[in-house]
Structures are given as C-alpha cells and as structure tokens.
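**Student:** Below is the sequence, then the predicted model.
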Amino acid sequence: MTKQKNKINDLLVDISSIKFNKKYSRVANLHKYWARKPWYIIERFTDKYTKIGDVVLDPFCGSGIIGYEAVMKNRNFIGYDLNPLACFLSEATIKNHFDKNIFNKELEDISNKVKNRILKLYQTNFKCEKCGELKHITISYIGSGFENKDEVDIACLQCGVSKTKERKKITLNEKIKLDKNLWIPNIEFPKKFYKDRFSYKGIKNVQDFFTKRNLLALSILYDVIFNNNYEYKHLFQLAFSNTLLHVSILKSPNVRPLSVNNYWIPDDHIEENVWWRFLERVKNVNLAKQTQSERKKQIGIKNYGNYKIYNKSSLKMKDVDNESIDYLITDPPYGDAIQYSELSFIWNAWLSKEYKIKDEVIINPVQNKGHDEFINQINKFIEEAYRVLKNEKFFTLCFQNKNIQIWIDIIEIIKRTGFDLADIKIFDTYGSPYNKHWAKFSPKSDLYITFIKKEKKNKTTKESKTFYIEEIIKKIINDSKTEKVSFDIGKGYDLFVAYTIEKFFDNYQLSDYKKIQIKDVMNIFEKNTKYGNI
C-alpha cells in the first residue's frame, strides 16, 4: 500500500461533530427505504473527490441520496438500480423544480374530489362533547388487533376536538363494498419468501394487508392521483406510496411497519384513516421540496447538474462508456441483511412495477443465491466499476457485514481488479435501526472505503505473510492507548475490519478468516478490555 497508515483517530469519525442544518434532512426522509446514508456524509465525499461538471455514478442508487447531493452541487449523475421502487424514489428525490402554489392548488383539487368520499367511510355515531355535532365526527384510527379492540382515535371536523386511545364501542359502516370501476392490485405473493412472517396468518395477496375500508379509500385516492395529469403527479404518487404501509395491518400504536425488516403483523394492529395519513405525507413532501430550494440558495451554486436513472442491473452497465466516470460512490446490498425485492413487494404492486430478481445482488436461499453467488455478482459489479472509471479517479464503497469471509472476498476482488487503497472512514449508521441497539453481535457502523483506480500492470507475485486475529486486536488496543482513544467493543469490530483491509493491501493474509465471525472478534475484545471499553 502506498499511503501512510490511518490512525484510529483518523478512522473513527464522530458523526455528532459534523455541523449541518437538520432541516435539510427532510429530503432524505421523503419515503421509507433502507440503508440511507446521511446526506451530510455524502456531501463530504462529493466535495472531496469531485468538482463542478464531473460525472458521479452510483450503481446501487437506492432512494437517490447520492444522486441528490451530486446534482445539488452541479455534478452530473448516473444511477442504476434493479428495484423499480428505488428508481421511482430517486427520480422524485432528485427532481428539483417546485412551485408550492401550483402544488397546493393541485392538492386542493385532489381534496375536492376525494376527501368527503373517504372520510365518510370513517364516520361514527358519536356526538362531539364540545359542539354536539354528529355528522362531523370521524375516526383517525381504529384498534383492530386482539390487544386493542375497540380502541379509537376520534376527531371532530367541526371544532377540532380530538381524543386518542378512547375505549368505546363504535358503529361504522362495516358493509364495505369495493368499487369494481376502481383499481386495486390483485397480486399474489410468491409462494416462498426468505423472510416470511405473514403466510401462517393466511396472508396470500397484497390486498390481505388492508381492511376493506382502507382498500376502498386507497382505490378512491389512487384513481384521482394516478389518472390525472397533475404537474406534480410524481410527488402525490410518492406521498401515496409512503401512505400504504401506515394504513395496513403492519401498523400498531407502538410499531412502525417494516421496523424489523419483514412483514410482521403485530397483534395490536390498527386501521388508520387513509385521508389523514395521506395529508401528513403530502405535508412532508411539500416541506422537503421547499427545503430543497432553500438549500440550493444557501449553497450558492447557480445551476443543477443533469441526471439519468436506469432501472437496470449494474452488473453490465451498457449505457456507460469506458473511462467516462469521474467518481463512483455506492452502497451495495450487504448480503442477506435486507431483502430488497421482498420488502418492496407491496409498494411495487401498487405502483404496477415488476422487480426482475434474476440479477438481484443478494444472499437469498429461496432465490438459490448463497455466498458464492453473491460474491460472483459483486465481482461483476467491481469489474464494471473499473471499466467505467477514469484512471487515477476514486471509488468509494460503503459497506458492512458481520461475516469476515465476505469482507475479505470483496477486498480481494477490488485489489485484483486494479484498485489501490486510498482511505478508510468509520461513521455511525444513520437513524436508529433495530440491530444497532438490540443485536449484540451486529455491526454498529458503516465503513466508507475509498480506492483509486490504477492502470493494470503485470505485477510480480509476492508470497503473502500471515497475521492472526489476536495479533490485530492487540495492536488496536495498544494503538488506542497510545492515541488515548476510547470506544466500545462494537467499534472494535469496525476497527478490526479496517486494520484487516490495510494489512491485506500490504500483502498480508488473515489466518483462518473463513471461520471468523463478528462474535469472535467482539469476544476477544471483551476478554482483553475492562468493562467492555477500550
């Protein structure tokens, strides 16, 4: 390796020390998606490795945060993703033209066409305790699960009085008939899901995740949004999509849908009012897009960059020329951690999109994709990354995995392809994922590893030296004492991976790496440290 070794203080980045305007995070929160990277971290890498007019590529563009940062800073962007939902979200996130007056006028038109029809479905027989009105009382949510039966959130449209979590018997029109003239997805789930926690409850169709009342409300709303030529149709579609899971039986008073990364149905699930939830999502979109315009003025760059999103596999990027990319930064799937095609199934069904999973880069036994298949797909992606990137330009890989073998297999591919190691940074993960707080043997950070493309040369093969897990952990502990750095053993694993990558580029090989798991590393750290702290 040609660069000086990182010190622990250089590797670990205290995310709380990064100054940024929190309201600018609204754009990143336009819609539920997984593994979103903080925009202010992506901004740092964009500023460091690119200049105005450069072309930035993200082969796994997800919800479009990397593309958003590139275009915002007047870089041009190319994004690939096999997931139709990801491409839809990326387009909605990156599009920068917004006129709130037109948006609000179109929202008013939607409201005039559907509001009363939908709210009528949630009317009850209560009289308002303040104004005495009957016809204006509606339900914000209804407790439908075993544990919260008859629990309701009541709102008066006349005077605004509301009561939450009232235990009352309610009378609603339960004889809901779906309108045959309105569309709803009639799509069966595949017979096999890798993360199936719903079929044992009799769930077979996308429709089964919604009550009849909410299916009717959604179909009324869908008809108006998707079948009218609004200027901001894509933003209303975005708000609609982000409404879906919240008005499904995946929601409870204390559980957000997909919070455990599968379709788990809580026993105390609720039935939310579709119109109120949709309005809340529309408000988020409105604020985010206004904030996007504000940030553009704050940055001071006059023009936006151009962008192109491809709903294709990045294993063969035919649309990108050789050595045409100035910077490549991406966050590929982490093996079997998140099943993107499965978890996007309901959204894609409502958006009438098909996820062609043949080339999905994933570990999924149901798709007959194990470790070897995953590594082979990553190999194809790395070869494409090398092909399209200009010489002496940089490639940043954001990745994490608790399997050391996957780490080393990927790093070996990157080195063999012709990249040299340039830098490593360790950042806390974004948000508050379940694993971060509750799973002991789960990575707590993301590693951003930056490589530089070098011309391929016939290198003399040198015999690699061997190092051992205990050896590198002791070095990390000694270095931390020398540098007076304190961190918990969760970060110890991340440092172990970083040190291992550096050693690998120095022609070292980790002994018995195929047998090492995150728990082995963390247990050794724990034995060598007092109270679990370095």
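**Tutor:** Perfect, I can see it now. Numbers count the residues shown, from 1 in each chain.
**Student:** if I look at K95, how far off is E384?
**Tutor:** K95 sits 27 Å away from E384, going by CB to CB, to the nearest Å. Bear in mind the C-beta positions are built from the backbone N, C-alpha and C, glycine included.
**Student:** what's the answer for F126, then?
**Tutor:** 61 Å.
**Student:** In the stretch 1-150 of the chain, mark out all the strands, start to finish.
**Tutor:** 55-58, 76-80, 137-143 (DSSP state E, counting those that start in this stretch).
**Student:** Tell me the buried residues in stretch 322-340?
**Tutor:** Within stretch 322-340, the residues that qualify as buried are 325-340, counting by 16 or more other CB atoms under 10 Å.
**Student:** Inside strands: which ones of those?
**Tutor:** Mapping the buried residues of stretch 322-340 onto strands (DSSP state E) picks out 325-330.
**Student:** most centrally placed residue in this protein?
**Tutor:** W34 (2.1 Å; CA atoms, centre = their mean).
**Student:** contacting residues for it?
**Tutor:** 62, 261, 338, 340, 343 (CB atoms under 8 Å, 6 or more residues apart in numbering).
**Student:** so how far is K233 from T93?
**Tutor:** 16 Å.
**Student:** Neighbour count for these two, which is higher?
**Tutor:** T93 (25 against 14; other CB atoms under 10 Å).
**Student:** Isn't that one up against L30?
**Tutor:** Yes: using CB atoms under 8 Å, T93 is in contact with L30, at 5.9 Å.
**Student:** sorry, back to before: K95 and E384 - which one has more neighbours?
**Tutor:** Higher neighbour count among K95 and E384: E384, with 22 against 18, using other CB under 10 Å.
**Student:** residues in contact with the more buried one?
**Tutor:** 59, 314-317.
**Student:** one step back: least confident of the contacts of W34?
**Tutor:** Within the set of the contacts of W34, pLDDT is lowest for N261 (88).
**Student:** Tell me which residues touch it, please.
**Tutor:** 34, 195, 337-339, 343, 434.
**Student:** In the stretch 251-400 of the chain, where is pLDDT below threshold?
**Tutor:** Along the stretch 251-400 of the chain, no part satisfies pLDDT under 70.
**Student:** where along it do the strands fall?
**Tutor:** Under DSSP E, counting those that start in this stretch, the stretch 251-400 of the chain gives strands at 270-272, 307-310, 325-330, 389-399.
**Student:** Tabulate these (JSON lines), appending distance to K180.
**Tutor:** Output for the strands of the stretch 251-400 of the chain, formatted as JSON lines (distance: least, CB to CB, whole Å):
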{"stretch": "strand 270-272", "distance to K180": "23"}
{"stretch": "strand 307-310", "distance to K180": "35"}
{"stretch": "strand 325-330", "distance to K180": "45"}
{"stretch": "strand 389-399", "distance to K180": "47"}
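**Student:** intersection of neighbour lists for T93 and L30?
**Tutor:** Residues touching both T93 and L30 (CB under 8 Å, 6+ apart): S63.
**Student:** The closest residue to V255 other than its chain neighbours and L351, how far apart?
**Tutor:** Closest residue to V255 apart from its sequence neighbours, by CB to CB, 6 or more residues apart in numbering: P266 at 4.7 Å. In this view, P266 and L351 are 25 Å apart by CB to CB.
**Student:** Next, the closest residue in space to F345 that isn't next to it in sequence: phi, psi?
**Tutor:** Once flanking residues are discounted, F345 sits nearest to F189: 6.7 Å by CB to CB, 6+ apart. Dihedral pair for F189: phi -70, psi 150, per degrees, to the nearest 10.
**Student:** Just the pLDDT for F189.
**Tutor:** Per the predicted model, pLDDT is 95 at F189.
**Student:** any idea how far A498 is from it?
**Tutor:** 40 Å.
**Student:** got the phi/psi numbers for K37?
**Tutor:** phi -90, psi 140.
**Student:** what about Y493, which helix or strand?
**Tutor:** In this structure, Y493 sits in helix 489-505 according to DSSP states H and E.
**Student:** could you redo the ones in strands among the buried residues of stretch 322-340 as a markdown table and give each row distance to T50?
**Tutor:** Shown next, in a markdown table, are these (distance: CB to CB, whole Å):
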| residue | distance to T50 |
| --- | --- |
| I325 | 10 |
| D326 | 6 |
| Y327 | 5 |
| L328 | 11 |
| I329 | 9 |
| T330 | 14 |
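**Student:** residues in contact with the residue nearest to V255?
**Tutor:** Residues near P266 by CB under 8 Å, 6+ apart: 145, 250-252, 255.
**Student:** repeat for V27
**Tutor:** Contacts of V27 by CB under 8 Å, 6+ apart are 39, 68, 93, 288-289, 291-292.
**Student:** For it, report the pLDDT, please.
**Tutor:** 89.
**Student:** For N21, see how far away it is.
**Tutor:** Applying CB to CB to V27 and N21 gives a distance of 11 Å.
**Student:** name the helices or strands packed onto the helix ranked longest in the chain?
**Tutor:** As assigned by DSSP state H, the longest helix anywhere in the chain is helix 274-299. On a contact count with 3 or more CB pairs under 8 Å, 6 or more residues apart in numbering; DSSP states H and E, helix 274-299 meets helix 65-72, helix 100-119, helix 212-226, helix 233-244.
**Student:** Ok, which of those comes nearest Y304?
**Tutor:** Closest approach to Y304 among the helices and strands packed on helix 274-299 (CB to CB): helix 65-72, 5.2 Å.
**Student:** So what touches the closest one?
**Tutor:** 27-28, 36-37, 39, 42-43, 46, 50, 56, 58, 61, 76-77, 79, 90, 93-94, 96, 292, 295-296, 299, 301, 304-307, 309, 329-331.
**Student:** what two of the contacts of V27 are the furthest from one another?
**Tutor:** Farthest pair in the contacts of V27, by CB to CB: W39 and K289, 14.8 Å.
**Student:** In terms of neighbours, single out the busier of the two.
**Tutor:** K289 (24 against 21).
**Student:** and the gap between K212 and S219?
**Tutor:** Remark: distance between K212 and S219 (CB to CB) = 11 Å.
**Student:** same check, this time on K296
**Tutor:** 37 Å.
**Student:** ok so, going back, following the chain onward from the helix holding Y493, which element is next?
**Tutor:** Note on helix 489-505: by DSSP H and E, the next helix or strand toward the C-terminus is strand 508-510.
**Student:** Report all helices and strands that that next one contacts.
**Tutor:** By 3+ CB pairs under 8 Å, 6+ apart, strand 508-510 packs against strand 465-467, helix 489-505.
**Student:** and it, how far out from the chain's middle?
**Tutor:** Strand 508-510 sits 33 Å away from the centroid of its parent chain (CA atoms, centre = their mean, to the nearest Å).
**Student:** Please apply the same query to stretch 480-489.
**Tutor:** Distance, stretch centre to chain centre, for stretch 480-489: 31 Å (CA atoms, centre = their mean).
**Student:** Kindly report the same for stretch 408-418.
**Tutor:** How far stretch 408-418 lies from its chain's middle: 26 Å, per CA atoms, centre = their mean.
**Student:** I'd say G145 and N254 touch.
**Tutor:** No: between G145 and N254 there is no contact under CB under 8 Å: 11.3 Å.
**Student:** the more surrounded of those two?
**Tutor:** Shown here are G145 and N254; by other CB under 10 Å, G145 has more neighbours (18 against 9).
**Student:** what's that one sitting at in phi/psi?
**Tutor:** Per degrees, to the nearest 10, the backbone of G145 is at phi -80, psi 170.
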